[in-house]
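Got a sequence here, can you model it:
(one chain, ligands or ions: 1)
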Amino acid sequence: MTATPPSTAAVRPAPLPPGGLPAWLLIALYVGIGSLPLLLAWHENAPVGGFWRALSNGLAMVGFALLTVQFYISGRIRWVSSDFGIDRLLLFHQMAARVITVALLAHPFLYVMQDLFEEGPLAAGTTLLHMVGNPAFTSGLTAWALLIVVMALALALALLRDWLPIRYEAWRMSHGLGAAAIVCAGLHHTITIGSYSEDLTLAQLWIVLGVLALAGLAYLYLVRPWQLGQQPFYISEITRVGERLWSITLGPAKMQPVGILSRGAKPQITQPIVYEAGQFAYVTLGGSPFIMADHPFSIASSPSEGSKLRFLVKEAGDFTKVVGSLPVNSRAYVDGPFGRFTLRQGEAAAGGRDKVAGIAFIAGGVGIAPILGLLRDAGVRGETRPLRLLTGNRAASQLVYGEEMESWAAALDFRARHVLQEPPADWHGGVGMLDDATIADWIDWPNPEGWLYFVCGPRAVREFTERALRARGVPPSRIVDEAFKYE
Ligand SMILES: Cc1cc2nc3c(=O)[nH]c(=O)nc-3n(C[C@H](O)[C@H](O)[C@H](O)COP(=O)(O)OP(=O)(O)OC[C@H]3O[C@@H](n4cnc5c(N)ncnc54)[C@H](O)[C@@H]3O)c2cc1C
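Numbering: from 1, shown residues only. The predicted structure follows:
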């Protein structure tokens with residue numbers, strides 16, 4: 001175990017990672033893209049058919065336009081996700097996908113409603129059959145069927161992912177490619193047989209949106225991996241630090257000695273990742289950045305540690321179970337930083353640094369990872385405010401970095417309390433789960449409503465904490481939380 005000696009000397013603040021577009025601008029863009037085809041269609045043309053046809057076409061146009069934006073709101077593009085937070089953006093991506101799917105799947109049925117009401121069920125059925133049998137509708141039908149498959153898989157994975165024999169990486173690849181196929185088929189349908197297909201301006205808009213959607217996918221699946229491949233890291237250390245817990249240190253690729261470079265070849269120098277303590281990155285360990293095998297891990301080091309990045313990884317599934325056996329010196333790729341689990345964001349939400357009397361951290365299991373980053377940073381900065389840590393684990397073998405915590409307790413106003421479900425005989429800490437009672441019992445400082453709280457752990461821990469803190473008068477704006485599973 002390595003203890004970073006806390007320093008009380010003034011530390012130059014680490015540079016801030018590049019931000020993104022403000023949320024208001026992104027919302028305005030989203031609304032604008034969703035409504036533009038509708039406005040154009042109805043400005044230039046009379047609505048086609050009666051009410052049901054207009055509704056069917058309107059919903060399909062809005063749905064298809066927003067489908068093309070889905071590629072940009074999958075969370076991986078930092079200039080889009082940084083102001084919202086990836087978890088909120090991903091939730092929106094999922095909700096939007098469901099609404100878009102309903103709108104697009106309803107399109108043919110709403111279209112024949114006109115026939116149903118005017119001429120009866122036989123006429124409506126005949127129009128539907130005509131669509132199915134007519135080759136001109138093949139692209140539309142393909143997009144429609146693919147939408148069902150892609151959404152059914154996404155829903156199944158969201159609900160049953162722990163039981164399904166589908167690898168996350170395989171699903172992610174098929175999800176992106178499936179969505180791209182829907183856009184291509186849908187685009188063909190819209191500009192060849194769509195009700196407003198003769199409107200040139202509208203056709204041009206569809207082509208622009210389609211190209212932008214595919215460009216978003218190409219960025220995520222090709223350009224970004226290529227960029228990461230140009231900035232490789234190496235695994236410089238892997239150590240077992242607790243039961244099923246591994247500390248992994250990544251270092252940037254070193255400049256190659258001039259002697260072994262062929263003429264004209266440039267030495268490869270990896271730029272350090274500029275991040276704030278508490279953020280996370282998508283990490284690929286070994287293999288190629290193109291295989292989509294990256295996993296999100298919180299950066300457990302402090303930005304002041306320079307170009308080395310430390311992670312704390314818990315064995316959870318296929319990938320994390322084998323991290324301990326990865327060879328040192330193998331390549332790694334780091335896409336990041338992402339996330340809003342930072343002191344800057346927390347203080348801003350609380351009304352400013354001077355409104356935060358103390359900082360408390362609640363970690364369930366490996367949820368300690370981003371908190372380690374925040375505490376290590378507090379140690380380096382010589383934080384003068386009180387710092388309190390509450391951790392919850394099953395067994396003592398899961399407690400990590402005890403020596404480092406002792407060094408913070410000696411140099412800072414830092415105290416830690418550890419709660420175990422299965423404590424050893426000589427245990428002096430808390431016993432049980434991190435529930436309302438444990439959390440309420442731990443808060444022994446006055447005016448807890450003037451503190452800032454960082455919570456990371458399973459959903460139950462985050463819910464208990466929020467309830468216990470609210471009961472003590474802590475406003476939600478003073479609780480910063482991080483989830484390791486997007487639910
Ligand atoms: C923001 C964030 C920060 C995280 N930080 C840490 C950390 O510091 N330490 C740690 O041990 N764990 C962390 N995790 C969890 C970690 O990413 C998963 O445990 C890991 O990806 C599981 O991979 P697996 O193949 O071993 O397990 P699997 O059995 O394949 O997956 C288990 C679950 O992890 C999720 N998952 C798997 N792969 C991915 C992926 N590529 N992207 C998103 N979710 C995925 C899925 O929900 C899946 O059901 C973090 C997760 C998030 C979202």
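
my read is residue 246 is in a helix, agree?
No: Residue 246 is assigned strand when assessed by DSSP: H, G, I helix; E, B strand; the rest coil, not a helix.

Identify the residues contacting it.
Residue 246 is in contact with 238, 239, 240, 312, 313, 314, 315, 323, 324, counting by C-beta atoms under 8 Å, 6 or more residues apart in numbering. C-beta coordinates here come from the backbone N, C-alpha and C atoms, glycine included.

Just read off the phi/psi values of the closest residue to residue 384 other than its chain neighbours.
Residue nearest to residue 384 in three dimensions, not counting chain neighbours: residue 413, with 7.4 Å by C-beta to C-beta, 6 or more residues apart in numbering. Taking degrees, to the nearest 10, you get phi -80, psi 70 for the backbone angles of residue 413.

what about stretch 238-255, near the ligand?
No: Stretch 238-255 is not in contact with the ligand by C-beta under 6 Å from any ligand atom; minimum separation 7.8 Å.

could you give me the average pLDDT of that stretch?
Averaged across stretch 238-255, pLDDT comes to 89.

and it, which residues are buried?
By 16 or more other C-beta atoms under 10 Å, the buried positions in stretch 238-255 come out as 238, 242, 245, 246, 247, 248, 249, 250, 251, 252, 253.

hmm, back to that, and the residue nearest to residue 384, what does it touch?
Contacts of residue 413 (C-beta under 8 Å, 6+ apart): 384, 385, 386, 387.

What is the neighbour count of the first one?
By the measure other C-beta atoms under 10 Å, the count of residues near residue 384 is 10.

likewise the last one?
The number of residues packed around residue 387, counting by other C-beta under 10 Å, is 21.

now do the second one
Residue 385 has 14 neighbouring residues, counting by other C-beta under 10 Å.

which residues does it contact?
356, 357, 358, 359, 413.

and the contacts of residue 246 as CSV, adding distance to residue 114 and secondary structure?
Converted to CSV, these look like this (distance: C-beta to C-beta, whole Å; DSSP: H, G, I helix; E, B strand; the rest coil):
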residue, distance to residue 114, secondary structure
238, 65, strand
239, 68, strand
240, 67, strand
312, 60, strand
313, 58, strand
314, 57, strand
315, 58, coil
323, 59, helix
324, 63, helix
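
give me the residue from the chain nearest the ligand.
Here the chain gets closest to the ligand at one residue, residue 317, 1.9 Å apart by C-beta to the nearest ligand atom.

Tell me the pLDDT of that residue.
At residue 317, pLDDT is 84.

Look up the closest residue to the residue nearest the centre of the chain, ignoring the ones flanking it.
The centre of the chain sits closest to residue 86, judged by C-alpha atoms, centre = their mean, with a distance of 3.7 Å. Nearest residue to residue 86, sequence neighbours excluded (C-beta to C-beta, 6+ apart): residue 75, at 4.2 Å.

residues in contact with the spatially closest residue to residue 397 that is not a sequence neighbour?
Distance criterion C-beta to C-beta, 6+ apart; nearest residue to residue 397, sequence neighbours excluded, is residue 243 at 3.9 Å. Applying C-beta under 8 Å, 6+ apart, we find residue 243 in contact with 395, 397, 398.

How about residue 485?
By C-beta under 8 Å, 6+ apart, the neighbours of residue 485 are 458, 459.

what helix or strand does it sit in?
In the assignment (DSSP states H and E), residue 485 maps to no helix and no strand.

Okay, it and residue 434: tell me how far apart.
17 Å (C-beta to C-beta, to the nearest Å).

So which residues of this protein form helices?
Ranges of helices within the chain are 23-44, 51-69, 78-81, 86-119, 121-133, 138-160, 168-192, 200-218, 224-229, 343-350, 368-381, 402-411, 436-442, 459-471, based on DSSP state H.

still on that earlier bit, tell me the buried residues within the contacts of residue 385.
356, 357, 358, 359.

quick one: the lowest-mean-pLDDT helix or strand in the chain near the ligand?
Using mean pLDDT, DSSP states H and E, the weakest-scoring helix or strand in the chain turns out to be helix 78-81, at a mean of 88. No: contact of helix 78-81 with the ligand (C-beta under 6 Å from any ligand atom) is absent, the minimum separation being 11.3 Å.
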